[in-house]
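Asks: Predicted model and sequence below, questions to follow.
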Amino acid sequence: MNTSPRMLPWEPQENREWRALLRVVGFVTLPQKFALGDAACSSEMVGNWPDSRHVLLITSTYSSSNIETANYEAHDLAEELADRIAFLGLAAVEISVLSVTYPKVEVGELLEIALAVPDAIRTPVEIRAEELAQFDKPRTDPDARALRLFRTGASSSSSYHALGQLWAAAEVLGRELAVQAGSYTEYPCKNCGATQKGPPRTQPHIESFFEAVLEAKSTRSPSETAEAARKTRGKVIHGGKLQDRVLREDVENQLGHLQCGVAVALSRAMGVTSSIRHARRIDRAVMYAQVVARQEMAAREGGTVFADMHFGKWAVSARGALPSIPKNVGRDQPHEIGLVGLPFPMLIPNLWLPIIYNPENAG
């Protein structure tokens, strides 16, 4: 199922306060109260891992225009907090968004909530012994660096980091081809007017990577696709606002073709082929729901079961486009991508829900 949250089966509330619940796992403690820009945050340690990492829950409240935008902003807040913790603690940190909803709601009122649902699945790829062995042949240092960058990009949980790594791989491979071809930028000397040789001209070669992966009906040419990826990467690296839903969507939309383009370039450079022709980063699947607040949701230590599709109004958003690489670069085998069935029944900890209160019990 692939339903756009812009077509929610209810009229979403506009311009209100939201609350995101984040889970942090790392070698850190955090203050009970702190701020992330305009978002007010509180932390609570809820456990420890065997390696002494702490598990903390972060509650963050902020204003946003609607539930879809609030969900994007929650992930931006999570990544911003991860950036700060990683630097301050000089260590890795894991942060996930558990839910986005209202801070509190009265029993009987409607509430909106965004929840992560089981990720989309891919059919396992069969890798053969001879396909593993084909990498034993000698390789150049640029090819080895590009292969490593491809792996870290394809494996990254951050779309921004994935774009940076995959684009870096494309530049390494493009530079190698430009040097081999003797293709360099040229400019006149300011003093004598003589032609000077500048850096290798990588962009035309990167454009060629996309020629094999763009469909004939594509609205963008290979040069336009490569330039769009370059500009988007530039926004991320050189001052784009990371807390920007449009930028995040733009980045995620670039990744499928960029991953395929780099795969084609690696195949050509190293003389290897992939075990599959389809590639796609699987992004977060999110369920948006509107439900009635019930008294039993108020018990913070309990949970609420969303038993079937009749519990309220809901929509699921998940990306699943599959660009492909040519047959001479990858092997055909059955491949599917999709959600892990319907997300029901779902046991939602009441802690993920808003504070549910009954005015009759107040005081």
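Replies: The structure has been received and is ready for your questions. Computed from a prediction, not measured in an experiment: that's the story for all the values here.

Asks: just so I have it, where are all the helices in the protein?
Replies: Using DSSP state H, the helices of the chain run over 67-89, 129-133, 141-155, 159-181, 203-211, 222-237, 245-270.

Asks: Residue 108: which of those is closest?
Replies: Nearest of the helices of the chain to residue 108, taken as CB to CB: helix 67-89 at 19.9 Å. Where you see a C-beta, it was placed from the backbone N, CA and C, and this is true even at glycine.

Asks: and the closest one, what's its mean pLDDT?
Replies: For helix 67-89, mean pLDDT rounds to 91.

Asks: what's the offset of it from the middle of its chain?
Replies: 12 Å (CA atoms, centre = their mean, to the nearest Å).

Asks: Including distance to residue 358, could the helices of the chain go into CSV?
Replies: As requested, the helices of the chain are exported to CSV (distance: least, CB to CB, whole Å):
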stretch, distance to residue 358
helix 67-89, 24
helix 129-133, 62
helix 141-155, 47
helix 159-181, 41
helix 203-211, 59
helix 222-237, 46
helix 245-270, 35
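
Asks: Extract the residue ranges of the chain that are flagged as low pLDDT.
Replies: Scanning the chain for pLDDT under 70 picks out the ranges 1-7, 118-121, 215-218, 239-243, 279-284, 308-309, 318-322, 337-344, 361-363.

Asks: hmm, back to that, so which of the helices of the chain is nearest residue 285?
Replies: helix 67-89 (11.9 Å).

Asks: CA atoms only for the closest one, dumped as PDB, please.
Replies: Taking C-alpha atoms only, helix 67-89 is exported to PDB below (Å, rounded to 0.1, in the frame of the first residue of the first chain):
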ATOM      1  CA  ILE A  67       1.100  16.000  11.100                       C
ATOM      2  CA  GLU A  68       3.000  15.200   7.900                       C
ATOM      3  CA  THR A  69       5.300  18.300   8.400                       C
ATOM      4  CA  ALA A  70       5.500  17.600  12.100                       C
ATOM      5  CA  ASN A  71       6.800  14.000  11.400                       C
ATOM      6  CA  TYR A  72       9.500  15.300   9.000                       C
ATOM      7  CA  GLU A  73      10.500  17.900  11.600                       C
ATOM      8  CA  ALA A  74      10.700  15.100  14.300                       C
ATOM      9  CA  HIS A  75      13.300  13.300  12.200                       C
ATOM     10  CA  ASP A  76      15.200  16.500  11.600                       C
ATOM     11  CA  LEU A  77      15.200  17.100  15.400                       C
ATOM     12  CA  ALA A  78      16.400  13.500  15.900                       C
ATOM     13  CA  GLU A  79      19.300  14.000  13.500                       C
ATOM     14  CA  GLU A  80      20.200  17.400  15.000                       C
ATOM     15  CA  LEU A  81      20.300  15.900  18.500                       C
ATOM     16  CA  ALA A  82      22.400  12.900  17.200                       C
ATOM     17  CA  ASP A  83      24.800  15.400  15.600                       C
ATOM     18  CA  ARG A  84      25.300  17.200  18.800                       C
ATOM     19  CA  ILE A  85      25.600  14.100  21.000                       C
ATOM     20  CA  ALA A  86      28.100  12.400  18.700                       C
ATOM     21  CA  PHE A  87      30.300  15.500  18.800                       C
ATOM     22  CA  LEU A  88      29.900  16.200  22.500                       C
ATOM     23  CA  GLY A  89      30.400  12.500  23.500                       C
END
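
Asks: Flag every buried residue along that helix.
Replies: Neighbour counts using 16 or more other CB atoms under 10 Å place 67-82, 85 of helix 67-89 among the buried residues.

Asks: Stretch 12-31 now?
Replies: 12, 18, 19, 20, 21, 22, 24, 25, 26, 28, 30.

Asks: got a list of what the first one touches?
Replies: Contacts of residue 12 were listed using CB atoms under 8 Å, 6 or more residues apart in numbering, and they are 66, 67, 68, 112.

Asks: which residues sit in contact with the first one?
Replies: The contact partners of residue 66, by CB under 8 Å, 6+ apart, come to 12, 13, 14.

Asks: mind putting those in CSV, distance to residue 62 included?
Replies: Shown next, in CSV, are these (distance: CB to CB, whole Å):
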residue, distance to residue 62
12, 16
13, 15
14, 15
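
Asks: From the chain's centroid, how far away is stretch 257-277?
Replies: On CA atoms, centre = their mean, the centre of stretch 257-277 falls 22 Å from that of its chain.

Asks: next one: stretch 244-256
Replies: 9 Å.

Asks: so what's residue 348 closest to, chain neighbours aside?
Replies: Spatial nearest neighbour of residue 348, excluding adjacent residues (CB to CB, 6 or more residues apart in numbering): residue 304 at 5.1 Å.

Asks: Thought residue 353 was touching that neighbour, still the case?
Replies: Yes. Using CB atoms under 8 Å, residue 304 makes contact with residue 353 at a distance of 6.9 Å.

Asks: Need the residues touching each of the two.
Replies: Counting by CB under 8 Å, 6+ apart, the contacts common to residue 304 and residue 353 are residue 297.

Asks: Which one's more surrounded, those two?
Replies: Comparing residue 304 with residue 353 by neighbour count (other CB atoms under 10 Å), the higher total belongs to residue 353, at 26 against 19.

Asks: what's the most distant pair in the buried residues of stretch 12-31?
Replies: Applying CB to CB across these, the maximum distance is between 12 and 28, 35.1 Å.

Asks: so residue 139 sits right up against residue 270, yeah?
Replies: Yes. Residue 139 is in contact with residue 270 according to CB under 8 Å; the separation is 5.7 Å.

Asks: Quick check: neighbours shared by those two?
Replies: residue 147.
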